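Student: what would the 3D arrangement of this be:
(one chain, ligands or ions: 1)
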Amino acid sequence: MSEITIALSKGRLAENAVELFEKCGIKCKNILQPTRKLVLFDDDKRYRFIFVKPSDVPTYVEHGVADIGVCGSDTLNEEDKNIYEMLDLKFGACRLCLAGKENGLNKPVSKTLIVATKYINTAKKLFQEREINVELIKLNGSVELGPIVGLSDIILDIVESGKTLKENNLHILEEICPVSARLVVNKVSLKTKAEQIKPFVKLVAENIQ
Ligand code: PRP
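Tutor: Numbering: from 1, shown residues only. Coordinates of the predicted model:
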């Protein structure tokens, strides 16, 4: 049987994914050991795990170098890749929100609202649907700084505990949608490795909490 490659991103999503895979009988705790290695295997060498940046998980899966991936629904919506979304894994739950200072949205209609975000495509779609003219500024992290230093009026970002907003005196202005981790699969792999991938997906589905 050929090996299955799973793309994960370091951090909490990988920890939750490993916990779930262990429940499925895949002995892969070892891949969470601190290491700079980017390719790791489960104890039985049936699965190969590659560690990539969260926003790159859909790319690796679309290109088929990973058969399976775990990433947030926020990333999936933003990247819009040609892959199958198979399961809502339920962990990694947070909310995609518009946030800023309390008066962040109170701008004269004649002025363009400036929005900082990691989610440029998602933001473009959101404001186009609402027929609101905005200027979007792409940031790659610490997005909350935008309204604090005056780079933007508001942000579109994920809120998990709300701590980052609170500690920076910012507020949720609107909740856009819930976010959680998803199991994604390459379209060709699902056909060519059906005998391995289908039972794997079924097993994972049975162990989601
Ligand atoms: C995410 C997100 C917020 C923060 C929200 O950032 O962009 O900044 O977490 O979490 P909280 O509501 O629990 O405070 P991340 O930690 O991924 O780092 P980043 O700013 O480098 O993107």
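Student: which non-adjacent residue is nearest N133?
Tutor: T112 (5.8 Å; Cβ to Cβ, 6 or more residues apart in numbering). For every residue, glycine as well, the C-beta is placed using N, CA and C.
Student: for the ligand, see how far away that neighbour is.
Tutor: Distance, T112 to the ligand, using Cβ to the nearest ligand atom, to the nearest Å: 23 Å.
Student: I'd say that residue and E135 touch.
Tutor: Yes. Assessed by Cβ atoms under 8 Å, T112 is found in contact with E135 at 5.1 Å.
Student: next, see if stretch 48-56 gets close to the ligand.
Tutor: No. No part of stretch 48-56 sits near the ligand under the criterion Cβ under 6 Å from any ligand atom; the closest distance found is 7.9 Å.
Student: which element is encountered next along the chain beyond the helix or strand containing Q128?
Tutor: Secondary structure from DSSP states H and E places Q128 in helix 120-129. Going down the chain from helix 120-129, the next helix or strand is strand 134-138, by DSSP H and E.
Student: dump the residue contacts of V188.
Tutor: By Cβ atoms under 8 Å, 6 or more residues apart in numbering, the contact set of V188 is G64.
Student: what are the buried residues along the helix or strand containing it?
Tutor: Counting by DSSP H and E, the element that carries V188 is helix 187-192. For helix 187-192, the neighbour count (16 or more other Cβ atoms under 10 Å) marks S189, L190 as buried.
Student: how about that helix as PDB, C-alpha atoms only?
Tutor: Provided in PDB are the C-alpha atoms of helix 187-192 (Å, rounded to 0.1, in the frame of the first residue of the first chain):
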ATOM      1  CA  LYS A 187      -9.400  15.200  -5.600                       C
ATOM      2  CA  VAL A 188      -7.200  12.700  -7.500                       C
ATOM      3  CA  SER A 189      -6.000  11.000  -4.300                       C
ATOM      4  CA  LEU A 190      -9.500  10.300  -3.300                       C
ATOM      5  CA  LYS A 191      -9.900   8.200  -6.400                       C
ATOM      6  CA  THR A 192      -6.400   6.700  -6.800                       C
END
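Student: the helix ranked longest in the chain packs against which elements?
Tutor: As assigned by DSSP state H, the longest helix anywhere in the chain is helix 194-207. The criterion is 3 or more Cβ pairs under 8 Å, 6 or more residues apart in numbering; DSSP states H and E, and the helices and strands that helix 194-207 contacts are strand 4-8, helix 12-23, strand 84-88, strand 181-185, helix 187-192.
Student: ok, the residue positioned nearest the centre of the chain to N186 distance?
Tutor: Residue closest to the average C-alpha location in the chain (Cα atoms, centre = their mean): G72, at 2.6 Å. Between G72 and N186 the computed distance is 18 Å (Cβ to Cβ, to the nearest Å).
Student: what strand or helix carries T35?
Tutor: Using DSSP H and E, no helix or strand contains T35.
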